[in-house]
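Q: heads up, no residue letters with this:
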């Protein structure tokens, strides 16, 4: 095993690798197609990782959050369209979902009224934006649930094969 890094501002990729107690050389060996020099450049932010490298690191380091981090912070398209998903406990995710579902149940009739004609009038916009905000909360809660599940599978607590449709 190599020496431990004393660098203060480690990025998520280095932290994830070190959490698995892999040296750069050990990680490169496990990853197969990413050299230790390339890992060093990514960790020192001298080079941006490629999507296929992120997928491999997320799997190898057992940290599915790397994918969302890359998309929401480093990918030009993702920065614009992908929200950052924070890891949360299942109970918190469930409560957030239920709270949003309760709000949406009250707004369902209004959404039907607004959208039935296929147009959005000026006076409908405030209600529509309020409902859209709740729908975005639900989408985030679903993404959080999926991330929680990915982490649970990566940690070995659930067998991925048990979830096949």
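A: Arrived safely. Everything numeric in this text was worked out from a predicted model, so none of it was measured.

Q: quick check: longest helix of this protein.
A: What stands out as the longest helix in the chain, according to DSSP state H, is helix 125-154.

Q: Run through the neighbouring helices and strands of it.
A: helix 65-73, helix 90-115 (3 or more Cβ pairs under 8 Å, 6 or more residues apart in numbering; DSSP states H and E). For glycine as for every other residue, the C-beta is placed from the backbone atoms N, C-alpha and C.

Q: quick one: low-confidence ranges for this structure?
A: The chain contains residues with pLDDT under 70 at 1-6, 165.

Q: repeat that with 90
A: Along the chain, segments meeting pLDDT under 90 span 1-9, 106, 163-165.

Q: ok, residue 93 - contacts?
A: By Cβ atoms under 8 Å, 6 or more residues apart in numbering, residue 93 lies in contact with 141, 144, 145, 148.

Q: typo on my end, residue 88
A: With contact taken as Cβ under 8 Å, 6+ apart, residue 88 is in contact with 96, 144, 148.

Q: hmm, 6 Å instead?
A: Residue 88 is in contact with residue 144, counting by Cβ atoms under 6 Å, 6 or more residues apart in numbering.

Q: Next one: the spatially most central residue of the chain from residue 149, what distance?
A: Against the mean C-alpha coordinate of the chain, by Cα atoms, centre = their mean, the closest residue is residue 68 at 3.1 Å. To residue 149, residue 68 is 13 Å away according to Cβ to Cβ, to the nearest Å.

Q: Can you report phi and psi for the residue nearest to residue 68 when sequence neighbours are not counted?
A: Ranked by Cβ to Cβ, 6 or more residues apart in numbering and with sequence neighbours excluded, the top spatial neighbour of residue 68 is residue 85, at 4.8 Å. Main-chain dihedrals, residue 85, degrees, to the nearest 10: phi -110, psi 120.

Q: how close does residue 85 get to residue 53?
A: Separation of residue 85 from residue 53 (Cβ to Cβ) stands at 20 Å.
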